[in-house]
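[1] quick check, what structure comes out for this input:
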Amino acid sequence: MGVTDPAGPVMDRDEVDRALARLGAEHEAIETSLLALQDHAGRRLLEGAELTGTTRERWAAADASITLLWAYFDAYTDALRAAREIRARRRWSSREDLVELTELLRGEAVTVAGSATATANAPTLLSAAGRLSERFSLAALVDRMNELYATSLDMVVTADAVWSALPARIDLLAAELQRTRKLAHSVGVRPGEHPAGDDLERITRILTRLREDVVSDPLTFWVPTQGSSAPGGGRPDTTVYDREARALEEVRREIDAVLTVRQDAEARLIRLRDVLSRADRTLAEARTARGEVLAKIAATEVPVVSGPPTALQEQLSAAAEYRRQAQWHRLSPLLESLEQKAEDELLRARESLTAVTAPLAVRAELRGRLDAYKAKVARHGLAEDRFLTERYDAARRMLWSAPCDLRVAEQAVLRYQQAAAEALGAPRVPQQGGPEDRRGEQS
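    Residues are numbered from 1 along each chain as shown. Prediction:
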């Protein structure tokens, strides 16, 4: 290289020595970083992986950048070695040496040959496409190396972060999926027969595809941190993984419910039979009571009592058959439906019995009221009162005769109450029908 006067002032010996010390430290730091990048697990994985999509494009550019980085570093090393050799010629450098050192340390004295591969894969790395070489100052060369190193490291660290996070988690979820599939099969939850079986098939397909995509194109599963300039600033995108993990948990809960059905099926079937049996007995009692009411109570509309629903018995038989055939996935929803229907049927039977026996309850209430007033009259010494006794006997004959006309019987009870109230000096009891008489006689 010829000696020319530098554009700036010539460096003195102290400046040269300080610059060489700084450049030597920089050289050592750059070499350490490049070797660490070369040995980075993410870079080795990228080199050996069959990449697709965004990752393949960015790795081609990053690989070219790393190749260019070493070319830059070699040029930097050669320039630094040349400067050290010039400085080592003599203890007190001559002006010619200092001029040459100034040009080498501060001028654009470093020439880097262009790489055909680097130019083809990363054309923006060189100042002009197709240029065979570039000239740099050592400071500019360090800046360029820092730039290329940062972008290359970011790509390597990002891919490695995704590969470190997602495939292992997907594998763990896939293992859990396989255990769930075996358990589902054992309780009859199969594709095409139960929605949970279809869900397991869908989750399996999605996880298989997800793992393939993560391995071949990890950069599409990266969410960068806004405003972060640090290499690898961001986090793996686990949206799909998280969604399928939740879906698998839902399936697992459904299968657990089916397992619970398998364990409790016999006891639940026994309870169902008991509830339906009580409903049948209650309806039978209501039908018997209706006949009694029709025979004992006159002028009363008594509701008809329906028979037990045969559909529930058929469904109960189907549930028992599902249990015998171990079709737990079919038994589970049927049992839940039957339990609710059986409780509804028992409630309906009880309401029917209440409605049918209402007239008997009214008669019983009138009988109780009549006897209560008789006891009250007796306590006041009026048990032998002829008029009260006649009124009592008339009401009693109506209430204890069959069929009993409740409307007429109620009027008789009210007349007895009124007569008793007048005899005891109590306020008059208002009558609900018929004109009053002075001593209970009705015109």
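
[2] please make it C-alpha for all contacts and neighbour counts, starting now.
    Fine.

[3] give the residue farthest from the middle of this protein.
    Arg386 (83.2 Å; Cα atoms, centre = their mean).

[4] look up how far Gln417 lies from that residue.
    15 Å (Cα to Cα, to the nearest Å).

[5] what kind of secondary structure is Arg135 in?
    The three-state label for Arg135, taken from DSSP: H, G, I helix; E, B strand; the rest coil, comes out as strand.

[6] what number of residues lie near it?
    Arg135 has 15 neighbours, counted by other Cα atoms under 10 Å.

[7] was I right about it contacting Leu104?
    No - because the distance of 11.6 Å does not satisfy Cα atoms under 8 Å, Arg135 is recorded as not touching Leu104.

[8] immediately after the helix or strand harbouring Asp213, which helix or strand?
    Secondary-structure element containing Asp213, defined by DSSP states H and E: helix 195-216. Remark: after helix 195-216, the chain's next helix or strand is strand 222-224, criterion DSSP H and E.

[9] which ones are touching the nearest residue to Ala83 once chain neighbours are set aside?
    Using Cα to Cα, 6 or more residues apart in numbering and skipping residues adjacent in sequence, the residue nearest Ala83 is Leu101, 6.1 Å away. Contact analysis of Leu101 by Cα atoms under 8 Å, 6 or more residues apart in numbering lists Met11, Val16, Ala83, Ile86, Arg87.

[10] separation between Glu249 and Ala150?
    Counting by Cα to Cα - Glu249 and Ala150 are separated by 41 Å.

[11] returning to what we had before: got any residues that touch both of Arg135 and Leu104?
    Val110.

[12] all strands of the stretch 101-250 of the chain, in order?
    110-113, 133-136, 222-224, 234-236 (DSSP state E, counting those that start in this stretch).

[13] tell me how many other residues surround Ala267.
    11.

[14] could you measure from it over to Ser332?
    On the measure of Cα to Cα, Ala267 and Ser332 end up 13 Å apart.

[15] can you check Val215 too?
    From Val215 to Ser332 the distance is 41 Å (Cα to Cα).

[16] over to Glu351?
    Distance from Glu351 to Ser332, by Cα to Cα: 29 Å.

[17] go on, Pro308?
    Distance from Pro308 to Ser332, by Cα to Cα: 24 Å.

[18] same thing with Asp264?
    Taking Cα to Cα, one finds Asp264 at 10 Å from Ser332.

[19] on that earlier part again, higher neighbour count, Glu351 and Ser332?
    Ser332 (21 against 15).

[20] Ser65 contacts Met155, doesn't it?
    No - using Cα under 8 Å, Ser65 makes no contact with Met155, being 11.1 Å away.

[21] the helices in the stretch 1-150 of the chain, which residues?
    Per DSSP state H, counting those that start in this stretch, the stretch 1-150 of the chain carries helices over the ranges 13-39, 41-48, 53-87, 95-106, 116-121, 138-186.

[22] what angle do the first one and helix 53-87 make?
    Read that as helix 13-39. 150 degrees (axes from the mean of the first three to the mean of the last three Cα atoms, to 10 degrees).

[23] quick one: contacts for the nearest residue to Val215 once chain neighbours are set aside?
    Counting by Cα to Cα, 6+ apart, Val215 lies nearest to Trp163, which is 6.8 Å off, once chain neighbours are set aside. By Cα under 8 Å, 6+ apart, Trp163 lies in contact with Val214, Val215, Pro218.

[24] so which of those is the closest to Leu183?
    Val214 (28.4 Å; Cα to Cα).

[25] coming back round to it: top of the contacts of Trp163 by neighbour count?
    Pro218 (27 neighbours).

[26] the strands of the stretch 101-250 of the chain into a markdown table, with extra columns for distance to Asp199 and mean pLDDT?
    Listed next are these as a markdown table, based on distance: least, Cα to Cα, whole Å; pLDDT from 0 to 100:
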| stretch | distance to Asp199 | mean pLDDT |
| --- | --- | --- |
| strand 110-113 | 59 | 80 |
| strand 133-136 | 60 | 80 |
| strand 222-224 | 27 | 90 |
| strand 234-236 | 25 | 90 |
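
[27] as JSON lines, these with distance to Ala36 would be great.
    JSON lines is the format used below for the strands of the stretch 101-250 of the chain (distance: least, Cα to Cα, whole Å):
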{"stretch": "strand 110-113", "distance to Ala36": "23"}
{"stretch": "strand 133-136", "distance to Ala36": "25"}
{"stretch": "strand 222-224", "distance to Ala36": "23"}
{"stretch": "strand 234-236", "distance to Ala36": "21"}
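
[28] out of these, flag the one nearest Ala289.
    Between the strands of the stretch 101-250 of the chain, strand 234-236 lies closest to Ala289; by Cα to Cα that is 74.2 Å.

[29] in terms of secondary structure, what does the closest one contact?
    Under the contact criterion of 3 or more Cα pairs under 8 Å, 6 or more residues apart in numbering; DSSP states H and E, strand 234-236 touches helix 138-186, strand 222-224.

[30] list the neighbouring strands of the shortest one plus their orientation.
    Neighbouring strands of strand 222-224 in its sheet, by DSSP bridges, are strand 234-236 (antiparallel).

[31] can you list the residues that contact the partner strand?
    Residues contacting strand 234-236 (Cα under 8 Å, 6+ apart): Ala161, Val162, Ala165, Leu166, Phe221, Trp222, Val223, Pro224, Thr225, Ser228.

[32] who wins on neighbours among those?
    Val162 (23 neighbours).

[33] so what's it closest to, chain neighbours aside?
    Per Cα to Cα, 6+ apart, closest to Val162 is Pro236, 5.4 Å.

[34] pLDDT score assigned to the residue nearest to Ile30 when sequence neighbours are not counted?
    Using Cα to Cα, 6+ apart and skipping the chain neighbours, the partner closest in space to Ile30 is Phe73 (8.0 Å). On the pLDDT scale, Phe73 is placed at 91.

[35] if I look at Phe73, how far off is Glu85?
    Distance of Phe73 to Glu85, given as Cα to Cα: 18 Å.

[36] stretch 92-105: which residues count as buried?
    Ser93, Asp97, Leu98, Val99, Glu100, Leu101, Thr102, Glu103, Leu104, Leu105 (16 or more other Cα atoms under 10 Å).

[37] tally of neighbours for Glu244?
    20.

[38] contacting residues for it?
    Ile203, Ile206, Leu207.
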